[in-house]
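Trainee: Could you work out the structure for the sequence below:
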Amino acid sequence: MACRISELVLDAADAEGLAVFWSEVLGYVEVGREDDGSIEIGPPRTGFGGPQPTLVLSPSTDPRPRRLRLHLDVSPTDRDQDAELERLLALGARPAEIGQSGEESWHVLADPEGNEFCLLRRRVRPV
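Mentor: Reported below is the predicted structural model:
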């Protein structure tokens, strides 16, 4: 028996704002709220425990470290990488410079709070 990732937790200065951003990016919906202000988002119809992990946006006033040690990679499901890049930028993502060479097949972006994530080239099938 092994474990699997069931949820990812991301500290957020604005949990509500990041929940909206990541819901749009991933096609997720709100699946729960906690008394501490945490908002959990996940795939429609499955939520926690489904085939994809949920994302918990946890309110925090701690300053963000200069760079996260873990980041998310996202892949387009219904369009090519260029079209998905345009969509993510329109949602509020912005290009992030972390020392890329310019030859990468992915784009490094930051969410509205500066958390880096990568947009990969390869399209994947929606779940």
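
Trainee: residues near the closest residue in space to Gly37 that isn't next to it in sequence, how many?
Mentor: Of all residues not flanking Gly37 in the chain, Pro59 sits nearest, at 4.2 Å (C-beta to C-beta, 6 or more residues apart in numbering). C-betas here are computed from N, CA, C, even on glycine. For Pro59, the count of nearby residues is 16 (other C-beta atoms under 10 Å).

Trainee: my guess is Pro59 meets Ala15, correct?
Mentor: Yes. Here Pro59 lies in contact with Ala15, judged by C-beta atoms under 8 Å, at a distance of 4.7 Å.

Trainee: all helices of this protein, in order?
Mentor: All helices of the chain, identified by DSSP state H, fall at 15-26, 81-91.

Trainee: Using JSON lines, please lay out those helices together with mean pLDDT, distance to Ser75 and mean neighbour count.
Mentor: Formatted as JSON lines, the helices of the chain follow (pLDDT from 0 to 100; distance: least, C-beta to C-beta, whole Å; neighbours: other C-beta atoms under 10 Å):
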{"stretch": "helix 15-26", "mean pLDDT": "97", "distance to Ser75": "11", "mean neighbour count": "19"}
{"stretch": "helix 81-91", "mean pLDDT": "96", "distance to Ser75": "8", "mean neighbour count": "15"}
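
Trainee: What sits closest to Ser38 if chain neighbours are left out?
Mentor: Nearest non-adjacent residue to Ser38, counting by C-beta to C-beta, 6+ apart: Ser58, 4.7 Å away.

Trainee: so the one you found makes contact with Leu10?
Mentor: Yes. Judged on C-beta under 8 Å, Ser58 makes contact with Leu10 at a distance of 6.8 Å.

Trainee: Between these two, which has more neighbouring residues?
Mentor: Set Ser58 next to Leu10 and count neighbours by other C-beta under 10 Å: Leu10 wins out with 19 against 16.

Trainee: List the beta-bridge partners for the closest residue to that one other than its chain neighbours.
Mentor: The spatial neighbour of Leu10 that comes closest, neighbours along the chain excluded (C-beta to C-beta, 6+ apart), is Leu57 at 5.7 Å. Beta-bridge partners for Leu57, by DSSP bridges, are Leu10, Ile39.
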